[in-house]
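# how does the following fold in three dimensions:
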Amino acid sequence: MEEPFDQAMNNALEYTTNYTFDLAGNRLKKAVDKESDSDIDEETTYLYDAADRLLEENQEIGPEDRRTVYSWGTNGNATHPTSKTVTTSYDGSTPSVAEAAHFTYDLRGRLQQSQELASRFKSKCVVNKWEQDTEKLVDK
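All right, here's what the predicted structure looks like:
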C-alpha cells in the first residue's frame with residue numbers, strides 16, 4: 001500500500017510511505033521516501049509471534065539503527081506487553097540501551113504499574129502506579 005504526502009506549497013515536505021502487510025493484517029514493513037525520488041530514507045520491519053503479537057520493530061534511519069523488543073505475559077497476561085527495550089546504534093557501532101520499561105497488570109488485565117528503567121537517556125528509574133476507580137485510571 002502506498003501513501004503519498006503532497007504539500008503543494010512546499011516541495012520539501014513531500015514524501016511517500018509504502019507499507020507491506022501479511023495476510024493477518026500485521027504490518028511487516030514501512031518504507032519512507034522523503035523526497036519521493038525512489039530512494040528509501042527510512043525503513044522499519046516488524047516481527048510477530050504465532051499469536052500475532054508484535055515482538056520486534058527494527059528501524060533504519062540514515063546512520064541510526066533502532067531495535068525495539070517487546071515481551072508478552074503468559075496465561076492471564078498474554079494480551080499485554082510486560083516489557084519493552086529499545087537499543088540504538090550509529091554507523092554499525094555496538095548497540096546500547098536507549099530505553100527500557102516493564103509493565104504489570106491486575107487480574108483483570110488493567111495496567112497497574114509501569115517502570116521506566118535507567119538508561120542512556122534517563123539517569124534514574126521512574127515508577128508510575130495506577131489504581132482503577134469505577135470511571136477512569138487514577139495516577140497514584
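# quick one, strands of the protein?
2-5, 15-21, 27-33, 42-48, 54-61, 64-72, 81-90, 96-105, 111-116, 126-132, 137-139 (DSSP state E).
# just the CA atoms of the second one, as PDB, please.
Meaning strand 15-21. In PDB, the C-alpha atoms belonging to strand 15-21 read as follows (Å, rounded to 0.1, in the frame of the first residue of the first chain):
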ATOM      1  CA  TYR A  15       7.200  12.200   0.800                       C
ATOM      2  CA  THR A  16       5.900   8.700   0.100                       C
ATOM      3  CA  THR A  17       5.400   5.900   2.500                       C
ATOM      4  CA  ASN A  18       4.900   2.300   1.400                       C
ATOM      5  CA  TYR A  19       3.500  -0.400   3.700                       C
ATOM      6  CA  THR A  20       3.600  -4.200   3.400                       C
ATOM      7  CA  PHE A  21       1.200  -6.400   5.400                       C
END
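# which parts of it are buried?
15-16 (16 or more other C-beta atoms under 10 Å). For glycine as for every other residue, the C-beta is placed from the backbone atoms N, C-alpha and C.
# okay, the strands of the chain in CSV with mean pLDDT next?
CSV is the format used below for those (pLDDT from 0 to 100):
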stretch, mean pLDDT
strand 2-5, 62
strand 15-21, 90
strand 27-33, 94
strand 42-48, 95
strand 54-61, 93
strand 64-72, 91
strand 81-90, 88
strand 96-105, 85
strand 111-116, 84
strand 126-132, 76
strand 137-139, 54
